[in-house]
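> quick check, what structure comes out for this input:
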Amino acid sequence: MKAVIYARYSSDNQREESIEGQIRECKEFAEHKGMTILNSYIDRALSAKTDNRPEFQRMIRDSAKGLFDIVIVWKLDRFARNRYDSAHYKAILKKNNVRVISAKESIAEDSTGILLESLLEGYAEFYSAELSEKVSRGMKENALKCKWNGGGIPVGFVIDSEQHYQIDPLTAPLVQKAFQKYADGGTIKGLADWLNGQGIQSYRNRRMRIDTVKRMLHNRRYIGEYRYKDVIVPGGIPAIIEEPLFQKVQERMEKNKKAPARFKAEDKYLLTTKLFCGKCGAYMVGESGTSRTMKVHHYYKCVTAKNKKTCKKKTVQKDWIETLVLEKTMEMLSHDSSIERIVKIMIEYETKENTNLPLLKKQLSKAEKAIDNMLNAIQEGIFNPSTKQRLDKLEQTKEDLEVRIIQEEMQKPVLTPDKIRFWLYKFRQLDIGNPEHQQILIDTFINAIYLYDDKIVFTYNGREDTETITLSDIESSDLETLGAPETDPGLFQLEKARICFLLDENRSTLASR
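You can find the predicted model right below:
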């Protein structure tokens, strides 16, 4: 029987050793029962109350491939603590001819065993719900007493032996000074740098960042207000900051929030690392500038022209070039011939990439052929102890190879042209007005774009050829006024399209189709 192991631990209170112990005992159980372990699916720090567990879901999908017959769990509560989820997924596994077996709970497969399994699952669900209620009730009682309920401890406080907040005499004065600095006109970044210079760290023992300082300045615990979920107790903990100073800080933060940001982050430049200068071959990077009318303009500029001033390539408007690239990419995907070229390259890459699987299949074919020859010899009357020994050895070799092939396929599922084609057709449905869809489209298909003065050369992932667009093909272009290219167009040898990352990044999605 071929089996896999499913193991998990649910909280930070359990450690990696918990998983190792489950795996070890499941393997001992499998060895005792004469089962062959093909793979292990492990979810770390994920509760069984939910079925949103990546490895659990991968195991359920893999069961449909007929690769294994048994799922071994340490105990049934590792599989699920919700009887409905348990019944639902066991029904799926049963449909795929896969059973779930507990290594530590001996359950018969008759009607009594079914009842016992149901009772165990019900108890696991009851225990989980009861534990959750007890924890929630205990934390609510703590909150009513203004006790610390876990989580980060704000800078300036310590927790005493009775779980109450107390002022830290070492760091509280620095918190007071930070509030005063901001109220007096300091900046968030300036405060972060100052606090880091004082050796102050966040509750996660990391450097103080801008977002960390913002949360600190907003934290009402500093004026003595205790908060936990719906429990709010003014004066429930010692105050570090006086309320007038706290309010002054809040008013200034709100005012700065509404004011135009002097150093507001620029728009995302979709073609970063994809757009190259046609004159010198350097990257073209995002830039912005403000006109006399205070309008902000975004564009791409050659790095050489920007830093060394030795390249004469002019800038190009960001919106114009990005829109052109997106439209040309969608146009390329609209042709079935383009899709088929990508499918062909991906399949070729898949075949070349997995060197173990073809070799194992070749060895399996040889073993099967040898077994057939031995059986033919036996039918012809050639049989002796050596023949039987040789046949047994070949049968064992065949079984070992079959197991290794299954393991290889489970580690990296083999993709088919239909699966790849199905996935690629999905890109035709992307909305190029959606920023997330824009980035996905460019990251997946654009290999490089070379921008000349009179033309643009596209090279796509999944295509070995290039596509050139001249200014005469583009109407109302902001490139129309530029001169002829100063560089021989044949100077640059555009690299062969790469599709490897495309395949690896989406393998799990494709394999589940």
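> and the pLDDT for the residue in the chain sticking out farthest from the centre?
Relative to the C-alpha centroid of the chain, counting by CA atoms, centre = their mean, residue 381 is the outermost residue, at 60.9 Å. For residue 381, the model assigns a pLDDT of 73.
> likewise for the one 3 residues further on?
The predicted structure scores residue 384 at 73 on the pLDDT scale.
> tally of neighbours for residue 470?
Using other CB atoms under 10 Å, residue 470 is surrounded by 11 other residues. For the C-beta atoms, the positions are set from N, CA and C on the backbone; glycine is no exception.
> pretty sure it sits against residue 454.
Yes. Residue 470 lies in contact with residue 454 (CB atoms under 8 Å); the separation is 6.2 Å.
> just the strands in the stretch 351-500 of the chain please.
Assigned by DSSP state E, counting those that start in this stretch, the stretch 351-500 of the chain shows strands spanning 446-451, 455-460, 466-470.
> in TSV: those, plus mean pLDDT and distance to residue 310.
Shown next, in TSV, are these (pLDDT from 0 to 100; distance: least, CB to CB, whole Å):
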stretch	mean pLDDT	distance to residue 310
strand 446-451	88	17
strand 455-460	86	22
strand 466-470	73	26
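> can I get these in JSON lines with distance to residue 67?
Formatted as JSON lines, the strands of the stretch 351-500 of the chain follow (distance: least, CB to CB, whole Å):
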{"stretch": "strand 446-451", "distance to residue 67": "36"}
{"stretch": "strand 455-460", "distance to residue 67": "35"}
{"stretch": "strand 466-470", "distance to residue 67": "42"}
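> residue 178: which of those is closest?
Evaluated with CB to CB, the strands of the stretch 351-500 of the chain place strand 446-451 nearest to residue 178, the distance being 45.5 Å.
> so what touches stretch 316-328?
267, 269-271, 275, 284, 286, 297-300, 432, 438, 441-442, 446, 449, 451, 456, 458, 467, 469, 474, 477-479 (CB atoms under 8 Å, 6 or more residues apart in numbering).
> can you flag the buried ones in the residues you listed?
269-271, 275, 284, 286, 298-300, 438, 441-442, 446, 449, 451, 456, 458, 477, 479 (16 or more other CB atoms under 10 Å).
> among these, which ones are in helices?
438, 441-442 (DSSP state H).
> closest to residue 305 out of those residues?
Proximity of these to residue 305 was ranked by CB to CB; the top entry is residue 442 with 23.0 Å.
> in contact with the closest residue to that closest one other than its chain neighbours, which residues?
Nearest non-adjacent residue to residue 442, counting by CB to CB, 6 or more residues apart in numbering: residue 270, 5.2 Å away. Contact partners of residue 270, counting by CB under 8 Å, 6+ apart, are 322, 325-326, 438-439, 442.
> which one of those is nearest to residue 222?
Among those, and counting by CB to CB, the member closest to residue 222 is residue 439, at 39.6 Å.
> wait, doesn't that closest one sit right on residue 271?
No. Residue 439 lies out of contact with residue 271 (CB under 8 Å); the separation is 10.4 Å.
> pull out the buried residues from stretch 137-148.
Within stretch 137-148, judged by 16+ other CB under 10 Å, the buried ones are 139, 142-143, 146-148.
> sorry, wrong one. I was asking about stretch 207-224.
Those would be 208, 212-213, 216-217, 219-224, for stretch 207-224 by 16+ other CB under 10 Å.
> which of those residues fall in strands?
Among the buried residues of stretch 207-224, no member falls in strands (DSSP state E).
> so which of the residues you listed would you say is closest to residue 399?
Closest approach between these and residue 399, by CB to CB: residue 212, at 57.8 Å.
> so residue 58 lies in a helix, does it not?
Yes. Checked against DSSP: H, G, I helix; E, B strand; the rest coil, residue 58 lies within a helix.
> and residue 449, what does it touch?
By CB under 8 Å, 6+ apart, the contact set of residue 449 is 271, 274-276, 325, 456-459.
> nearest residue to it in space, ignoring adjacent ones along the chain?
Nearest to residue 449 is residue 275, by CB to CB, 6+ apart, at 5.0 Å.
> so what's residue 238 closest to, chain neighbours aside?
Of all residues not flanking residue 238 in the chain, residue 167 sits nearest, at 5.0 Å (CB to CB, 6+ apart).
> for residue 172, grab the count of nearby residues.
The burial count assigned to residue 172 is 19, neighbours taken as other CB under 10 Å.
> over to residue 89?
By other CB under 10 Å, 21 other residues sit near residue 89.
> helix, strand, or coil at it?
Classification of residue 89 by three-state DSSP places it in helix.
> which residues of the stretch 301-450 of the chain score low on pLDDT?
Residue ranges of the stretch 301-450 of the chain with pLDDT under 70: 349-355, 383, 407-415.
> now the helices: where do they sit in it?
For the stretch 301-450 of the chain, helices defined by DSSP state H, counting those that start in this stretch occupy the ranges 303-307, 318-333, 336-353, 356-379, 385-411, 417-426, 435-445.
> and of the ones you listed, who's closest to residue 40?
Nearest to residue 40, of all the helices of the stretch 301-450 of the chain, is helix 385-411, at 10.4 Å by CB to CB.
> gap between that closest one and the chain center?
Between the centre of helix 385-411 and the centre of its chain there are 37 Å (CA atoms, centre = their mean, to the nearest Å).
> same question for stretch 454-461.
The chain centre lies 31 Å from the centre of stretch 454-461; the measure is CA atoms, centre = their mean.
> mind listing what's buried in it?
Neighbour-count burial for stretch 454-461 flags 455-461 (criterion: 16+ other CB under 10 Å).
> from those residues, pick the one nearest residue 177.
When the buried residues of stretch 454-461 are compared for distance to residue 177 (CB to CB), residue 461 wins out at 53.9 Å.
> any idea of the pLDDT on the closest one?
Residue 461 is assigned 74 on the pLDDT scale.
> who's in contact with residue 427?
Contacts here follow CB under 8 Å, 6+ apart; on that basis residue 427 touches 333, 440-441, 444-445.
> distance of it from residue 339?
Distance from residue 427 to residue 339, counting by CB to CB, to the nearest Å: 9 Å.
> who touches both of those two?
Common neighbours of residue 427 and residue 339 (CB under 8 Å, 6+ apart) are residue 333.
> next, work out how far apart residue 204 and residue 151 are.
Remark: distance between residue 204 and residue 151 (CB to CB) = 11 Å.
> same question, residue 230
To residue 151, residue 230 is 16 Å away according to CB to CB.
> check residue 302 too.
49 Å.
> next, residue 237: secondary structure please.
Quick answer, by three-state DSSP: residue 237 is coil.
> now do the domain split for the chain, please.
Here the chain is described, according to automatic domain parsing, as comprising the domains 2-135, 157-258, 266-354+414-513, 355-411.
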